[in-house]
Structures are given as structure tokens and as C-alpha cells.
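Trainee: Build the 3D model from these lines:
(chains A and B)
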Amino acid sequence: MAQRSPFLRSFAKHWLKPLTLFLLVLPFVWIAGQWGFLLSGMENDLGFEPVAATHHFLGQTAIRILLISLAITPFRDLTRWAPVMQVRRRIGLAAFWYAILHLLAYFGADLFFSLPALWEDVVERTYITFGMAALALLIPLSVTSFNSMIRKLGAERWNQLHMAVYLIAILAVTHHFFAEKGLQPGPLIHAGILALLLGWRLWKRWLPALAMRTNKSSASG
Amino acid sequence: MLIKRPPLAGITENDVTPKHLYLNRRKIMAAGGALALTGMTSACSAQEPGDAPAASRPMNGALNFSETSYRVTDGDLTPHDAVTGYNNFYEFGTGKDDPARYAGAMTTDPWSVQVDGHAERTGTFSVEDLVDFNALEERIYRLRCVEAWSMVIPWIGVPLSSVLERFRPTSDARYVAFETRLDRSEMRGTRFPVLDWPYKEGLRMDEAMHPLTLMAVGLYGEVLPNQNGAPMRLVVPWKYGFKSIKSISRISFVSEQPNTSWKQSAPREYGFYSNVNPSRSHPRWSQSNERIIGAGPFARRDTEMFNGYDEVASLYSGMDLEEEY
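Mentor: Sure, this is the predicted structure:
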């Protein structure tokens, strides 16, 4: 049904990719603009702890974009609107870039670019270990996100490699959970959404695949 | 007065009490006879609401207070809008601006405080029963949050000792425990179990009676805004901010170290004492320095032992503060 709408077809062809890119850049424009206001002494929305607010903003943006990238396939399956798959990769890449900005802001503003201090944090503070592991695992996924790399690896190996995104999402949400004091709702909401997305895959993809195998063996028996 | 405390090893009370304070206390004791009598009568009548208080409690606006020599000399006052707009008061939400936004829903008049445990006077009391509004003083203290940020705040209040002495705690009262009011309809943050509500804090009796420990009812010359813990809250300037419990509705004199909310939530991260200590890192971040709120995005200073209040060091002589954090 959706495929037959000329508006949607034209939208998918000409607008979907640039619009997604625009939306993905918006959070960066917002935070950069707020810092611009702050440093020029103008009113801004960064509050009384601009550095901490920036860490939260960039980190949460990275996690939310990562969760959106995991929601693309379920969205496609539910709506049967295949063109959405065109933007999955750029959404995943944006999560990586926001995670890098998150790291740089913390490395610069909190640690004054001291590598020994960074190493000490990674070793001693569990939530930073989780965050750094998530970011480190995003690197191989990001450098293989070009068409030439997909061709080089072959679709199957590329898909296997990119299964790591589930582990990355779990690490990132755990990082957020342990970064907060007390039992706070924010990370739990992210964990809930991640559980839904993983549960959906289990139910729609991994379990049916298993059932098919069992059916085949019982049919042949 | 009637509180019996074991003397601290090698130190007399004179050594830790500033001169103007013990002179002040002698004045109080001179009026002791009269106080004892009125104390007796209000001990009976205070339990009945509607009783005429000694000095009425303003619900908003300016307070009458005297200035003291308790002030911070190295560092500016944190701007009023930061003190009242950047708060941790999880009963109203975990965002720093949630308390300013939602604490207005809390009813602070009438307000009752339950006092129980090892004391001669117990029962239910009003704020005026606890705090003498004719004896308010201003104290400018550093506030160091366990989250590694700090403020300098002009509090208005009375020494906590003057509040606790009214109840004549017995020698079994080795600790004093406090609870924040819990009203789920007025405190939207309590719908979610961020902590095990109500919020609980506690002090060792000698910490509670220390002249630095304040029961605050105001800041910046005015009645305490709800988001800062109206109608009354503790201020224990040498401990991390969460020890300074807000909106107190219960005081218990107990013999064992009481349960405290953050210790219960994460015992490895928050101890009972929670003295400001730059050399003991929080498991998740360093405590060696702090961000100064309201002084620009990158303003920092080195954190001092006991938040710079060295006069409390004798309370902990013989204790390993790395172990008993």
C-alpha cells in the first residue's frame, strides 16, 4: 500500500536521505549554538553546569540515535516500507560521531587532554570502562560502513561483524545506568526500549529461524 | 547543659569552640532558670497544635538575623539564582532544575516534626517549637556536593545544638537520625524508587552538637525556598551536601548508628560519615577538585579536607577516614 503512494515514492527517492542527515546534525548545531551563546555572554540553555550538561546531552544523543538505528529494521517490517533501510547506516554512523564528541568533551573539559588520567579512569571506574568499550567496538563498525568495505567483506561477514551493535547498545546503556546516582528513570527507559528491540528480534527473527529448523527436521522424520 | 558527652581525647571543649560562641552560651545559661521553667510548660503544651509560639515564623520574605564571623573569605557568594535553581532534591525529580520547578507543591504551613527516641521530651512539634526565630544568625558556608561541585551560601539559622538541647536527650542518645517529609501527592519524584523513601540521614551526637552544625530556615536573608529544604534543613558544612538533609519531619535520638539513604542505596560509594575528603575518591569519580557553580563553565578549585573546616578534625581523631568514609 505504502509503496503505491506516489508521494511516498518521491519522498523516499529525493528527501529521505537529506532530511535524515539534517535531523542527525540538529543536536550538534544546538549544542554548538548554546556554547556560542555561553562564551559570548548571552543567555543559553546549558544551565549552571554547562560542562556536565554537555556530557549528558552528547551521551544521551548518542544512545538515542543508536536505539533509533536498531529500530529501523522493525519499522521496515511493521510498515513494509523498504526505503527506510537507506538511512540505517547513516543513523548508526551519527551515533558513532556523537559518542566521539562525548568522549572528546569529557577528555578535554574534565581531564584536560591527559592520557594518563584517561587511562586511570578507564581502569578504575567501571562505568567509564563500559563506555569506552562501547566506543571502541563502534570503531570497526564505522570504518566498515562504506559500500567498498561491504563489498570487500561480503554481505554475510559484514552482517556478522555488525551484530556487535547489540553488544554495543547493552554496554552503552549500562554505562549510562552506572553513571547516574541512585535508581534513575532515564537509563531504565533506554534499557526498556533496548529490551523491546532485542525482544522483537528474538521473537520475529531468531526464534522463527530456530522453529523452521525444527519443522524441517520433524517433516523429514 | 544536660547532654553528657565523653570528653574527646586530649582536647577540651574550649579548644574547639570559638570564644564568641561560648560567651554566648554563658548568656544562655544565665537565663537558664527561666528557660527551664518555660521549657517545662511548653513541653506539655507544644504537643497541642495552635499553641502561641515564642516568635512567629515568617512564611516568606525577609528574616531578622544577626551576622556572625562564620564567613568564607576566599571565594565569592554563589549567585542567588544558582543556589535556588540548581538543586538535588530527588523527592521532586532527579533533574537539577526539577526542585525549583516542582517543590512549590509542598505544603510547609502547617508543618509538624515528630521527635522520638532517647530524650526526656518527645512528641509532635511545630517549627517554632524547635527554632527560636529571635535567635537567627547568618553563616556563610561552603557547600561541597559529593558530585564534585561546590557553592558558597549565606544560610540563616540556629545551631543544631540549640534545637536538640530542647528535648534533653539522654545518655543513650549516641546518634541522631533525621527524616525528610514524605508526601507522595506533593512530591512527584517519590513515585519512582530512586531511593528508599523517605530520605534518611544521621549524625553522631558530637557531630550534631558541634557549633558549626546549623539548622537552617533561610538563605540570602530570606525564608528558605521549598527547593532548598523548607521549612528547615540541616547544614553540615564539612560533610558532602547529601548529609545536610532537607525539609525535616522527624528527629530520632538513637543509640545505634542509623540507616542513611545513600549508604543504603550504594554502601561502597557513600558512607555514614561522608566527610569531605579529597584523598578518598568516589568509586566513580575523583574528589580531589570541584567545579565552582556560577563562576564560569571551567571554574574549579582544589577540594580541602573537611571542606576547609579543620576545627572538626578532633571529632575523628583515631579514626581511619579512608576506611570510615
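Trainee: can we go C-alpha only for contacts and neighbour counts from here?
Mentor: Fine.
Trainee: Let's verify residue B:319: helix, strand, or coil?
Mentor: Under DSSP: H, G, I helix; E, B strand; the rest coil, the three-state class of residue B:319 is coil.
Trainee: Backbone torsions only: list them for it.
Mentor: Phi and psi for residue B:319, reported as degrees, to the nearest 10, are phi -100, psi 140.
Trainee: That one: neighbour count?
Mentor: Neighbour count of residue B:319, defined by other C-alpha atoms under 10 Å in any protein chain shown: 11.
Trainee: residue contacts, it?
Mentor: By C-alpha atoms under 8 Å, 6 or more residues apart in numbering or on different chains, no residues touch residue B:319.
Trainee: What is the three-state secondary structure of residue B:268?
Mentor: Residue B:268 - assigned by three-state DSSP - is coil.
Trainee: Quick check: residue A:126 vs residue B:83, distance?
Mentor: Per C-alpha to C-alpha, to the nearest Å, residue A:126 is found 32 Å from residue B:83.
Trainee: Which residue of those two possesses the greater neighbour count?
Mentor: Ranked by neighbour count (other C-alpha under 10 Å), residue A:126 and residue B:83 place residue B:83 first, with 21 against 17.
Trainee: Identify the residues contacting the more buried one.
Mentor: Taking C-alpha under 8 Å, 6+ apart, one finds B:151, B:153 in contact with residue B:83.
Trainee: and what of residue A:182?
Mentor: B:194-195, B:262, B:265-266 are the contacts of residue A:182 under C-alpha under 8 Å, 6+ apart.
Trainee: Select from the residues you listed the one having the most neighbours.
Mentor: Greatest neighbour count in those, by other C-alpha under 10 Å, goes to residue B:262: 22 neighbours.
Trainee: what's the spacing between it and residue B:273?
Mentor: To residue B:273, residue B:262 is 11 Å away according to C-alpha to C-alpha.
Trainee: Quick check: residue B:280 is in a helix.
Mentor: No: assessed by three-state DSSP, residue B:280 does not belong to a helix; its assignment is coil.
Trainee: re earlier: out of the contacts of residue A:182, just show me the ones up against chain A, please.
Mentor: B:194-195, B:262, B:265-266 (C-alpha under 8 Å from any C-alpha of the partner chain).
Trainee: Identify, from those residues, the entry nearest to residue A:122.
Mentor: Set against residue A:122, the nearest of the ones next to chain A among the contacts of residue A:182 by C-alpha to C-alpha is residue B:266 (20.7 Å).
Trainee: Now for that closest one: which residues touch it?
Mentor: Applying C-alpha under 8 Å, 6+ apart to residue B:266 gives the contacts residue A:182.
Trainee: so the residue nearest the centre of chain A is in which element?
Mentor: Centroid-nearest residue in chain A, with C-alpha atoms, centre = their mean: residue A:66, separated by 1.4 Å. Secondary-structure assignment from DSSP states H and E places residue A:66 in helix A:50-79.
Trainee: Show me which residues of chain B are close to chain A?
Mentor: Residues of chain B found near chain A (C-alpha under 8 Å from any C-alpha) are B:82, B:86, B:94, B:192-195, B:262, B:265-266, B:283-285, B:293-294, B:297-298.
Trainee: The same query, at a cut-off of 10 Å, please.
Mentor: For chain B, the residues in contact with chain A (C-alpha under 10 Å from any C-alpha of the partner chain) are B:81-83, B:85-86, B:90, B:93-97, B:147, B:149, B:192-196, B:261-262, B:265-266, B:269, B:282-286, B:291-298.
Trainee: Show me which residues of the helix holding residue A:66 are buried.
Mentor: A:50-52, A:54-55, A:57-73 (16 or more other C-alpha atoms under 10 Å in any protein chain shown).
Trainee: need the next SSE after it, C-terminal direction.
Mentor: helix A:88-109.
Trainee: Can I get that following helix in PDB? Just the C-alpha atoms.
Mentor: Extracted C-alpha coordinates of helix A:88-109, given in PDB (Å, rounded to 0.1, in the frame of the first residue of the first chain):
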ATOM      1  CA  ARG A  88      20.000   2.900   8.600                       C
ATOM      2  CA  ARG A  89      23.800   3.200   8.100                       C
ATOM      3  CA  ARG A  90      24.000   7.000   8.400                       C
ATOM      4  CA  ILE A  91      22.000   6.800  11.600                       C
ATOM      5  CA  GLY A  92      24.400   4.300  13.000                       C
ATOM      6  CA  LEU A  93      27.300   6.400  11.900                       C
ATOM      7  CA  ALA A  94      25.800   9.500  13.600                       C
ATOM      8  CA  ALA A  95      25.600   7.600  16.900                       C
ATOM      9  CA  PHE A  96      29.400   6.900  16.500                       C
ATOM     10  CA  TRP A  97      30.100  10.600  15.900                       C
ATOM     11  CA  TYR A  98      28.100  11.800  18.900                       C
ATOM     12  CA  ALA A  99      29.900   9.200  21.000                       C
ATOM     13  CA  ILE A 100      33.200  10.600  19.800                       C
ATOM     14  CA  LEU A 101      32.100  14.100  20.600                       C
ATOM     15  CA  HIS A 102      31.000  12.900  24.100                       C
ATOM     16  CA  LEU A 103      34.500  11.400  24.600                       C
ATOM     17  CA  LEU A 104      36.300  14.500  23.400                       C
ATOM     18  CA  ALA A 105      34.200  16.800  25.600                       C
ATOM     19  CA  TYR A 106      35.000  14.700  28.700                       C
ATOM     20  CA  PHE A 107      38.600  14.200  27.700                       C
ATOM     21  CA  GLY A 108      39.100  17.900  27.200                       C
ATOM     22  CA  ALA A 109      36.900  19.600  29.800                       C
END
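Trainee: which strands and helices sit next to the helix or strand just after it?
Mentor: Next helix or strand after helix A:88-109 toward the C-terminus (DSSP H and E): helix A:115-124. Here helix A:115-124 touches helix A:88-109, helix A:126-143, going by 3 or more C-alpha pairs under 10 Å, 6 or more residues apart in numbering or on different chains; DSSP states H and E.
Trainee: Would you format these as a markdown table with distance to residue B:173 included?
Mentor: Formatted as a markdown table, those follow (distance: least, C-alpha to C-alpha, whole Å):
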| stretch | distance to residue B:173 |
| --- | --- |
| helix A:88-109 | 46 |
| helix A:126-143 | 40 |
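Trainee: ok so, going back, is it possible to mark the buried ones in the residues of chain B next to chain A?
Mentor: B:82-83, B:85-86, B:90, B:93-97, B:147, B:149, B:192, B:194-196, B:261-262, B:265, B:269, B:282, B:284-286, B:291-295, B:297.
Trainee: which SSE is residue B:176 in?
Mentor: strand B:175-180.
Trainee: Tell me the helices and strands packed up against that strand.
Mentor: With contacts defined as 3+ C-alpha pairs under 10 Å, 6+ apart, strand B:175-180 has these neighbours: strand B:112-117, strand B:200-204, helix B:205-209, strand B:233-235, strand B:248-254.
Trainee: Just name the most buried of those.
Mentor: Among the helices and strands packed on strand B:175-180, the stretch with the highest mean neighbour count (mean count of other C-alpha atoms under 10 Å in any protein chain shown) is strand B:233-235, at a mean of 25.
Trainee: phi, psi of the closest residue to chain A within the stretch 101-250 of chain B?
Mentor: With C-alpha to the nearest C-alpha as the measure, residue B:194 is the residue of the stretch 101-250 of chain B nearest to chain A, at 4.3 Å. Taking degrees, to the nearest 10, you get phi -60, psi -40 for the backbone angles of residue B:194.
Trainee: Thought residue B:188 was touching it, still the case?
Mentor: No: judged on C-alpha atoms under 10 Å, residue B:194 makes no contact with residue B:188 at a distance of 11.7 Å.
Trainee: Can you tell me who the spatially most central residue of chain B pairs with across the strands?
Mentor: Computing the C-alpha centroid of chain B and ranking residues by C-alpha atoms, centre = their mean puts residue B:234 first, at 1.3 Å. Beta-bridge partners recorded for residue B:234 (DSSP bridges): residue B:215.
Trainee: circling back: what touches both of residue B:194 and residue B:188?
Mentor: Counting by C-alpha atoms under 10 Å, 6 or more residues apart in numbering or on different chains, the residues touching both residue B:194 and residue B:188 are B:90-91, B:93.
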